[in-house]
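1. got a predicted structure here, sequence first:
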Amino acid sequence: MTEQRILIVSHGHPDHSKGGAEMAAYNLFKEYERQGLDTIFLARTDQPSHGGSAFSTINSDREIFFHTHMSDFFLFQSGYKKHVWQEFRALLQRYRPTVVHFHHYIHMGLELIREVKNTLPDTRIVLTLHEYLAICANHGQMVKPGEQMKLCYKSSPTDCARCFPERSAADFFLREKYIKSIFKLVDRFVSPSYFLIERYKAWGIPEDKMVMIENGQPEIETPAPRPLAEGEVRGRFAFFGQINPFKGVDVLLEAFKLLPEDVQEKVYLDIHGANLQGQTEEFQEKIFGLLEDLGDLVTLHGSYESHEIGRLMEQADWVIIPSVWWENSPMVIQEAFNHGRPLIGSDIGGIAEKITDDVNGYSFRNGSSNSLKQAILKAYGGEGNWDLVVKEVPNPLTIFECADKHRGIYHG
């Protein structure tokens, strides 16, 4: 068997970008490195480079920053063609990977995939799909633009043009043809959920080119339940992730406002989230207004580092995922399971796929603060209730198992 040389390409480095996709890509790289495999991690950054170079190193010479950007977010085309046709090509020729595993193409450009095929035609190309960017021009969320956050079930050039009247149906038809022409060069697509596979299959990606592999987690000793004070119940809830209109933090806060006063006195919510300051003024005002209404019932902690997740999970009884879009498989699901914490989550997309209602967690109607309130009341129902649910929390895929599954598809 040919010795593998693996190039992992990510749209960000977790030291600078806190998304789950960046962490999934980096965890895989670190596991390959731990196993002694010949692996390089190429992460895009928007930081300027020293001397104008397209590349610089971070942490070690195996972790490389790619100083580039996209100029066209409709067609995902690079803003610096020279970076694709010269610098990236030179990196491929110098390193000559047997596998290039893209964990994204956003911010870098789809042309990178074509460049791999043109420069190293025998190199295997793998693409992990983290959302629906190729299908949906609304940030890959498959949610109708506007305040109502109406879910979209299927794309078509005509429907997409209704969402974006500044573009024609012909624009969307050509966009789809272009993206699919690039995707034909991919040998295998990876998805952390079956739900996303079904969406891309309906869009036209052959089912036999797609495989489901969940995001692997480091093997840890499951932390003990949070110690309780005398008379205290398991009413400490936590949110982890980005704070934007798609993540449903407003729905979560509204649900806590709806709780009866006697329950509000015995529960608590921690919000560990980044990027609120990058949202619209209107959305920020809504969130800060709800936080002010809830007072001491909620604490907004801001962003956190990946190495802090264990300590933060230990302080929680329940993890809530209130997203209002078709989440694929948020990293926090596997992190919660890894730390023995049950979930309360929206009943759509990859979230619903991971939660068995009334068994290892609770589901609630997507976007409904009243339904989430009911789920919180169910969860709050006492120590014995938590004990029953936490026993059914599954063991997540380990990072070793995840890496092994990926190496299998790298070999074809």
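-> Nice, I can see it.

2. for the one helix or strand Glu292 maps to, list the C-alpha coordinates in PDB.
-> Using DSSP states H and E, Glu292 sits within helix 281-294. C-alpha atoms of helix 281-294 as PDB (Å, rounded to 0.1, in the frame of the first residue of the first chain):
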ATOM      1  CA  GLU A 281     -27.400  46.300  15.300                       C
ATOM      2  CA  GLU A 282     -31.000  45.100  15.300                       C
ATOM      3  CA  PHE A 283     -30.100  41.600  16.300                       C
ATOM      4  CA  GLN A 284     -27.600  42.800  19.000                       C
ATOM      5  CA  GLU A 285     -30.300  45.000  20.500                       C
ATOM      6  CA  LYS A 286     -32.700  42.100  20.600                       C
ATOM      7  CA  ILE A 287     -30.200  39.900  22.500                       C
ATOM      8  CA  PHE A 288     -29.100  42.500  24.900                       C
ATOM      9  CA  GLY A 289     -32.700  43.500  25.600                       C
ATOM     10  CA  LEU A 290     -33.600  39.900  26.500                       C
ATOM     11  CA  LEU A 291     -30.500  39.600  28.600                       C
ATOM     12  CA  GLU A 292     -31.500  42.700  30.500                       C
ATOM     13  CA  ASP A 293     -35.000  41.300  31.100                       C
ATOM     14  CA  LEU A 294     -33.600  38.100  32.500                       C
END
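
3. buried sites along the worst-scoring helix or strand of the chain on mean pLDDT?
-> The least trusted helix or strand in the chain, going by mean pLDDT, DSSP states H and E, turns out to be helix 383-390, with a mean of 79. If you call a residue buried by 16 or more other CB atoms under 10 Å, then helix 383-390 has these buried ones: Trp386, Val389, Val390. (C-beta placed from N, C-alpha, C; glycine too.)

4. residues contacting the last one?
-> Shown here is Val390, whose contacts under the criterion CB atoms under 8 Å, 6 or more residues apart in numbering are Pro225, Gly340, Arg341, Pro342.

5. quick check, Gln77 in contact with His107.
-> No. If you go by CB atoms under 8 Å, Gln77 and His107 don't touch, sitting 11.4 Å apart.

6. for these two, list the residues in contact with both.
-> By CB under 8 Å, 6+ apart, the residues touching both Gln77 and His107 are Met70.

7. those two: which is more packed in?
-> Per other CB atoms under 10 Å, whichever of Gln77 and His107 has more neighbours is His107, with 20 against 15.

8. now for that one: which residues touch it?
-> The contact partners of His107, taken as CB under 8 Å, 6+ apart, are His11, Gly12, Arg44, Asp46, Thr68, His69, Met70.

9. neighbours around the fourth one, how many?
-> By the other CB under 10 Å criterion, the neighbourhood of Asp46 contains 11 residues.

10. list the contacts of it.
-> Asp46 neighbours (CB under 8 Å, 6+ apart): His69, His107.

11. how about residues contacting the helix holding Glu292?
-> Here helix 281-294 makes contact (CB under 8 Å, 6+ apart) with 243-245, 249-250, 253-254, 256-257, 269, 276-277, 298, 300.

12. narrow these to those in strands?
-> Leu269, Val298, Leu300 (DSSP state E).

13. tell me what the last one is bridged to.
-> By that I understand Leu300. Leu300 has these beta-bridge partners by DSSP bridges: Ile271.

14. isn't it up against Ile271?
-> Yes. The pair Leu300 / Ile271 is scored as a contact, 4.9 Å apart, by CB under 8 Å.

15. between these two, who's got more neighbours?
-> Ile271 (22 against 17).

16. in the stretch 1-150 of the chain, mark out all the strands, start to finish.
-> 5-10, 38-45, 55-58, 60-67, 70-72, 77-78, 99-102, 124-128 (DSSP state E, counting those that start in this stretch).

17. including mean pLDDT, could those strands go into TSV?
-> Output for these, formatted as TSV (pLDDT from 0 to 100):
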stretch	mean pLDDT
strand 5-10	96
strand 38-45	95
strand 55-58	89
strand 60-67	92
strand 70-72	92
strand 77-78	92
strand 99-102	98
strand 124-128	97
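
18. just the ones you listed: most buried one?
-> Highest mean neighbour count among the strands of the stretch 1-150 of the chain (mean count of other CB atoms under 10 Å): strand 99-102, with a mean of 25.

19. pull the number of nearby residues for the closest residue to Thr356 other than its chain neighbours.
-> Spatial nearest neighbour of Thr356, chain neighbours left out: Glu392 (7.2 Å); criterion: CB to CB, 6 or more residues apart in numbering. Per other CB under 10 Å, the neighbour tally for Glu392 reads 12.

20. would you confirm that Glu392 belongs to a strand?
-> No. According to DSSP: H, G, I helix; E, B strand; the rest coil, the state of Glu392 is coil, so it is not within a strand.

21. let me see the backbone angles for it.
-> Taking degrees, to the nearest 10, you get phi -100, psi 0 for the backbone angles of Glu392.

22. if I look at it, how far off is Leu290?
-> 32 Å (CB to CB, to the nearest Å).

23. again, but for His101
-> In terms of CB to CB, His101 sits 40 Å off from Leu290.

24. could you do Met23 as well?
-> 28 Å.

25. next one: Phe256
-> From Phe256 to Leu290 the distance is 8 Å (CB to CB).

26. cool, Asp250 as well?
-> Taking CB to CB, one finds Asp250 at 7 Å from Leu290.

27. so for the two, which residue has more residues nearby?
-> Asp250 (20 against 17).

28. can you count the residues close to the nearest residue in space to the more buried one that is not next to it in sequence?
-> The spatially closest residue to Asp250, leaving aside those adjacent along the chain, is Lys286, at 5.8 Å (CB to CB, 6+ apart). Look at Lys286: counted by other CB under 10 Å, it has 17 neighbours.

29. cool, Glu232 as well?
-> Neighbourhood size, Glu232 [other CB under 10 Å]: 13.
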